[in-house]
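Peer 1: Fold the following, please.
(chains A and B)
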Amino acid sequence: MGIIKASKLIYDYIKRDEDGNPDGTRRAVDQVDIDIEAGSFVAILGHNGSGKSTLAKHMNALLLPTEGTIWVSGKDTSLDENLWDVRRTAGMVFQNPDNQIIGTVVEEDVGFGPENIGVPTPEIWKRVEQSLEAVGMTMYRHHSPNKLSGGQKQRVAIAGVMAMRPRCIVLDEPTAMLDPNGRKEVIRTIRELNRAEQITVILITHYMEEVIEADHVYVMDDGRIVMEGTPHEVFARTEELKSYRLDVPQVTELSWQLKKAGLPLSDGILTIDAFVDEIMTLYKKP
Amino acid sequence: MAIECKNISYIYGNGSPQEIRALNHVTLTIPDGQFIGLIGHTGSGKSTLIQHLNGLLKATEGDILYNGESIYAETFSMKSLRSKVGLVFQYPEHQLFETDVFTDVCFGPKNLGLDDEPIRRRAREALDLVGLDASYDDVSPFELSGGQKRRVAIAGVLAMKPEVLILDEPTAGLDPRGRDEILDQVAKLHREQGMTVVLVSHSMEDVARYVDRIIVMNHGNAALDGASKEVFRHYRELEEIGLAAPQVTYIIHALKEQGFPIADDITTIKEAREAILRAMGDKT
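Peer 2: Numbers count the residues shown, from 1 in each chain, chains lettered A, B, ... in the order given. Model (predicted):
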């Protein structure tokens, strides 16, 4: 069993009428089976409303399954006695950095989590230092978070989660509100954490360029997992991705269109280098 | 007929120790009927600039002319400027507040003091323009998808019948399909109604696909201003200021470096596809 495993996971939102009485349900996650290996970098793709955020919220017991089971580090999240272990294993980072930062100084913000769980002070400082180092924000430790750029704030939010020493970080569209620079910073930081610290990363996004280096990709639509595989395998099915309201990177799209027009290119070309290689080979062919 | 910014500067906290110069002597003209992309990293002055265009911020120095008339003249009606230059803020769906879609869109024209009949007509037209038919009229805005909510918010601005439509990152947070729906509708307004559009965006791919002209803001200056192809030709300068060209531009340059015969000013997939097929065709 992987660090996160779900079996036949179902979640129904309860609709309420104006007086707050239950008035039907809407199924947001439908019969989801996933198994995420410890130390891997996994991406979950899907359009707005496909159920990806609802699924993510199950990974640290912010939501509990309506039916089915999800285990985090082998612990069933629906059991009360597992709650703290689950939350300590999987940390969450959300879309809007401004909603996640509470400290008035960067290092205080990062220390907030460990302080709350009663970590001794010297150990808190050690963690703050290591976490800021890991996200490349050490030089801003004495700054006020509100003077930072969006990308920097998001990195502080990640450091705050890192200070809890989770084995797994779930990031729910962490770059949606950032500019291209901020987006790069955050993605680079996440990859680095995955590689250097062996933290399991679960990245929820609809930016396709961000998932190219993932080990495994799940695509969600209408609450279900509809595609999965390596980025290469998933992006090779360009037409199917489009039917789920998603896009492929421009280089993949261009290769796909050229292939449709008759050029014998491979499926699922993900990088400019691979594309240029194939085109030049064709071009130089006598 | 145009908006002309003449040497405008804007300083936040003017006179205080924390003053920040957000615009630094910007001079530019937005003529009628253009589709303009405004790009720049966070803090470059884009949002400050667009808030000047409908008088929400007043330039610390310089002047802005709307159709030849200074908007800072005492006789100038700011109220009419705000109905002519419609501004759609970031995450405009946060500003929806009515109980149903139709009433929400009526709010703007109602504030213009119009009669019931023209208000309802304008709301209907505006909703049609963003592709939401009468079946959405009675739906609560909060039951719509992210893209639909945003279209309702844009309809609220369109119901004011603006001559110029300014959109601040209208596709932030939307999935690819939602993004295409919004931008296709905006492009249609530009094409069919001749509306002047200023699109603030972080997505170079979107900008390359839709606009005629790009203005690049950096440190409060209009650092580059020209036809999209011209601006993306300067992709190395764009990178220096934290921006980039569309991925397809990099593909083209990489091909060219390997000796593939292709023009280096290609910025869209469609152009790239045609140029590559043409070059391959010559070979066979």
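
Peer 1: Count the residues that sit near A:D273.
Peer 2: Using other Cβ atoms under 10 Å in any protein chain shown, A:D273 has 11 neighbouring residues. C-beta here means a position set from N, CA and C on the backbone, and glycine is covered the same way.

Peer 1: Alpha carbons only: can I get stretch A:118-127 in PDB?
Peer 2: Extracted in PDB, the C-alpha atoms of stretch A:118-127 (Å, rounded to 0.1, in the frame of the first residue of the first chain):
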ATOM      1  CA  GLY A 118       4.000  21.700  21.300                       C
ATOM      2  CA  VAL A 119       7.400  21.300  19.700                       C
ATOM      3  CA  PRO A 120      10.200  22.500  22.100                       C
ATOM      4  CA  THR A 121      11.500  26.000  21.200                       C
ATOM      5  CA  PRO A 122      15.100  25.100  20.100                       C
ATOM      6  CA  GLU A 123      13.600  22.400  17.800                       C
ATOM      7  CA  ILE A 124      11.100  25.000  16.400                       C
ATOM      8  CA  TRP A 125      14.000  27.300  15.400                       C
ATOM      9  CA  LYS A 126      15.800  24.400  13.800                       C
ATOM     10  CA  ARG A 127      12.800  23.500  11.800                       C
END
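
Peer 1: Assign the residue nearest the centre of chain B to helix, strand or coil.
Peer 2: Using Cα atoms, centre = their mean, the residue of chain B that lies closest to the mean C-alpha position is B:L199, 1.4 Å off. Look at B:L199: counting by DSSP: H, G, I helix; E, B strand; the rest coil, its state is strand.

Peer 1: beta partners for it?
Peer 2: Judged by DSSP bridges, the bridge partners of B:L199 are B:G37, B:L167.

Peer 1: wait, what's in contact with residue 177?
Peer 2: Using chain A. Contacts for A:M177 (Cβ atoms under 8 Å, 6 or more residues apart in numbering or on different chains) come out as A:95-97, A:150, B:172-173.

Peer 1: To clarify, I was referring to chain B.
Peer 2: Neighbours of B:R177 in contact, by Cβ under 8 Å, 6+ apart: A:47, A:245-246, B:147.

Peer 1: rewinding a little: what pLDDT does the residue nearest to the centre of chain B get?
Peer 2: B:L199 carries a pLDDT value of 96.

Peer 1: Number of residues surrounding B:D116?
Peer 2: For B:D116, the number of neighbouring residues by other Cβ under 10 Å comes to 9.

Peer 1: so, in contact with chain B or not, the host helix or strand of A:I190?
Peer 2: Per DSSP states H and E, A:I190 falls inside helix A:180-197. Yes. Judged by Cβ under 8 Å from any Cβ of the partner chain, helix A:180-197 and chain B are in contact via A:180-182.

Peer 1: Only the buried residues of that helix, if you could.
Peer 2: Buried residues in helix A:180-197, counted by 16 or more other Cβ atoms under 10 Å in any protein chain shown: A:180-187, A:189-191, A:193-194.

Peer 1: ok, those residues vs chain B, which is closest?
Peer 2: Using Cβ to the nearest Cβ, A:N181 is the member of the buried residues of helix A:180-197 that lies nearest chain B, at 4.5 Å.

Peer 1: Phi and psi next, for the nearest residue in space to B:G220 that is not next to it in sequence.
Peer 2: In space, and not counting its chain neighbours, B:G220 is closest to B:N24: 3.8 Å by Cβ to Cβ, 6 or more residues apart in numbering or on different chains. Per-residue torsions, B:N24: phi -130, psi 90 (degrees, to the nearest 10).

Peer 1: so how far is A:V86 from B:N24?
Peer 2: Look at B:N24 and A:V86: by Cβ to Cβ, to the nearest Å, they are 52 Å apart.

Peer 1: one step back: so the residue nearest to the centre of chain B makes contact with B:I39?
Peer 2: No. Between B:L199 and B:I39 there is no contact under Cβ atoms under 8 Å: 9.1 Å.

Peer 1: Which neighbours do these two have in common?
Peer 2: In contact with both B:L199 and B:I39: B:V207, using Cβ under 8 Å, 6+ apart.

Peer 1: And the contacts of B:R177, which two are furthest apart?
Peer 2: Among the contacts of B:R177, the pair separated by the greatest distance (Cβ to Cβ) is A:L246 and B:G147, at 13.9 Å.

Peer 1: Mind picking the lowest-pLDDT entry from the contacts of B:R177?
Peer 2: pLDDT across the contacts of B:R177 is lowest for B:G147, at 78.

Peer 1: what about the residue lying closest to that one once chain neighbours are set aside, how many neighbours?
Peer 2: Among residues not flanking B:G147 along the chain, B:G178 sits closest, at 3.1 Å (Cβ to Cβ, 6+ apart). By the measure other Cβ under 10 Å, the count of residues near B:G178 is 23.

Peer 1: Cool, thanks, talk later.
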